[in-house]
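Asks: could you look at this predicted model? Sequence included:
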Amino acid sequence: MSGPVYIFAGGGTGGHLCPAVAVAEELTALRPDARVVFACSDRAIDRRVLSPHPYAIVAQPVRPMPRGPAGWWRFGRSWRASRRLARDLLRDLQPAAVLGLGGFAAAPVTVRAARAGIRTALLSIDAVPGIANRLLARKVLVIFAQYARTAQAYGKCAKKVRVVGPLVRRELLAGDPSEARAAFGLRADRRTLLVMAGSQGAANVNRAVAALTADLGSLADSWQVLHVAGPEKLDEVREQWAGAAIGHAVVGFCDRMDLAFAAADLALCRGGASTAGELAATGTPAVVMPYPYHRDRQQYLNVAEAAEAGAVEVVEDRTDPAANAVLLRASLLAIMADPSRLEAMSQAAAGRVRADAAAEIARWMAGP
């Protein structure tokens with residue numbers, strides 16, 4: 001006999017989906033008969049993240065809210081189509097619970113499920129929730145947050161917030177450093193800088209590193225680089241690394257982030273909530289270049305606690321490769337050249353948080 005159905009609603013970025021996969025794995029461990037369905041966006045990144053896993057995928061046509069009037073007609077059409085899809089999905093599957101993953105792709109199914117009286121919750125892993133999450137907060141029973149400071153942003157819905165810490169897969173914490181370096185063709189006798197441009201391939205991060213390749217060559221005797229460039233930026237980044245003196249491996253997308261973090265002694269990355277949680281859970285020190293275009297500076301807030309603890313150093317993204325290279329020479333390269341400074345950051349990063357958030361959310365979804 002078929003088991004209960006659980007719907008995970010949302011997507012559009014790896015940052016929305018990777019934490020949800022962690023919850024889905026805990027849920028199926030708790031309820032082996034559970035059937036998991038991801039009602040995600042139709043972006044390519046969603047299938048890339050989800051296809052290695054045994055979950056059903058339903059792509060929604062919904063689009064992000066437009067910034068100007070020109071996109072409203074297309075948005076309205078996609079919203080109506082997604083609402084109809086959500087209605088049919090809930091009617092046909094009769095889910096036991098729905099977990100909204102945040103962002104534009106979470107809304108159609110989450111709203112419909114809440115109105116239908118289905119147990120519905122929301123993930124809110126950024127320190128400051130976006131517009132979609134603040135609107136959905138009024139509909140759901142529980143809001144699972146990564147940071148304590150998130151509750152105040154929900155106003156009257158603050159009482160719904162349950163702080164669970166970083167959402168990561170158990171597998172992320174089990175990587176073996178020797179296996180990891182071998183998997184990426186890296187040397188065992190070098191420290192490794194992990195550069196993560198995110199699932200969308202942050203151009204400013206990639207270009208800042210390109211401007212530093214000559215400087216990194218001076219550290220070739222003790223360091224090497226693993227660069228996760230973003231699926232669409234792979235060829236560009238490989239060309240940037242051509243002829244570099246320092247050992248390096250470049251991949252477009254990494255399906256084994258457990259190995260990437262196991263290999264890493266230091267990271268250079270954005271400050272997205274998912275990345276910030278992974279850094280905290282794995283105890284990886286980092287230089288973080290927060291996304292500079294958010295008005296609420298959410299990526300700065302995502303890593304604020306780690307920066308205060310000394311596990312993270314924050315560098316402004318000036319959006320100009322040459323200007324960013326100047327800043328990274330004073331931070332990233334200085335850390336790489338100073339073993340005692342790196343060790344202090346590593347100690348500050350180690351064991352900072354618990355990593356059972358996914359299991360706690362899975363228990364709520366499974367019900368009493």
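Replies: The structure has been received and is ready for your questions. Keep in mind that what you see is a predicted model, and the values were worked out from it rather than measured.
Asks: now do the contacts for Pro4.
Replies: Residues near Pro4 by CB atoms under 8 Å, 6 or more residues apart in numbering: Arg31, Asp33, Ala34, Arg35, Pro95, Ala96. C-beta here means a position set from N, CA and C on the backbone, and glycine is covered the same way.
Asks: if you rank these by neighbours, which is first?
Replies: The residue in the contacts of Pro4 with the most neighbours, by other CB atoms under 10 Å, is Pro95 (26 neighbours).
Asks: so where do the helices sit in the stretch 51-200 of the chain?
Replies: 72-93, 107-115, 131-136, 177-183 (DSSP state H, counting those that start in this stretch).
Asks: pLDDT of the first one, averaged?
Replies: Here helix 72-93 scores 91 as its mean pLDDT.
Asks: list just the nearest of the contacts of Pro4 to Gly102.
Replies: Pro95 (18.2 Å; CB to CB).
Asks: in TSV, list the helices of the stretch 51-200 of the chain along with mean neighbour count.
Replies: As requested, those are exported to TSV (neighbours: other CB atoms under 10 Å):
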stretch	mean neighbour count
helix 72-93	16
helix 107-115	24
helix 131-136	19
helix 177-183	16
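Asks: of these, which is nearest Asp320?
Replies: Across the helices of the stretch 51-200 of the chain, closest to Asp320 is helix 131-136 (CB to CB), at 29.3 Å.
Asks: who's in contact with that closest one?
Replies: 65, 100, 102-104, 106-107, 110-111, 122, 124, 126, 143, 153-154.
Asks: hmm, back to that, can you put the contacts of Pro4 in a markdown table and add distance to Ala197?
Replies: Formatted as a markdown table, those follow (distance: CB to CB, whole Å):
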| residue | distance to Ala197 |
| --- | --- |
| Arg31 | 36 |
| Asp33 | 39 |
| Ala34 | 34 |
| Arg35 | 35 |
| Pro95 | 35 |
| Ala96 | 38 |
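Asks: check those residues and tell me the two furthest apart.
Replies: That would be Asp33 and Pro95, which, of these, are the farthest apart (CB to CB) at 14.0 Å.
Asks: hmm, back to that, out of the helices of the stretch 51-200 of the chain, nearest to Ala323?
Replies: Across the helices of the stretch 51-200 of the chain, closest to Ala323 is helix 131-136 (CB to CB), at 30.7 Å.
Asks: okay, the closest one in CSV with CA atoms only?
Replies: C-alpha atoms of helix 131-136 as CSV (Å, rounded to 0.1, in the frame of the first residue of the first chain):
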residue,chain,number,x,y,z
ILE,A,131,8.9,39.5,0.0
ALA,A,132,7.5,36.0,-0.9
ASN,A,133,8.3,34.6,2.5
ARG,A,134,6.8,37.5,4.4
LEU,A,135,3.6,37.1,2.4
LEU,A,136,3.5,33.3,2.9
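Asks: before we move on, back to that, need the helices of the stretch 51-200 of the chain in JSON lines with distance to Tyr300, can you?
Replies: Supplementary listing: the helices of the stretch 51-200 of the chain in JSON lines, determined by distance: least, CB to CB, whole Å:
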{"stretch": "helix 72-93", "distance to Tyr300": "29"}
{"stretch": "helix 107-115", "distance to Tyr300": "26"}
{"stretch": "helix 131-136", "distance to Tyr300": "18"}
{"stretch": "helix 177-183", "distance to Tyr300": "30"}
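Asks: where do the helices of the stretch 251-368 of the chain begin and end?
Replies: Going by DSSP H, counting those that start in this stretch, the stretch 251-368 of the chain shows helices at 257-263, 273-282, 298-302, 304-309, 321-330, 332-336, 339-349, 357-366.
Asks: and of those helices, who's closest to Gly3?
Replies: So among the helices of the stretch 251-368 of the chain, helix 357-366 is nearest, using CB to CB, at 10.6 Å.
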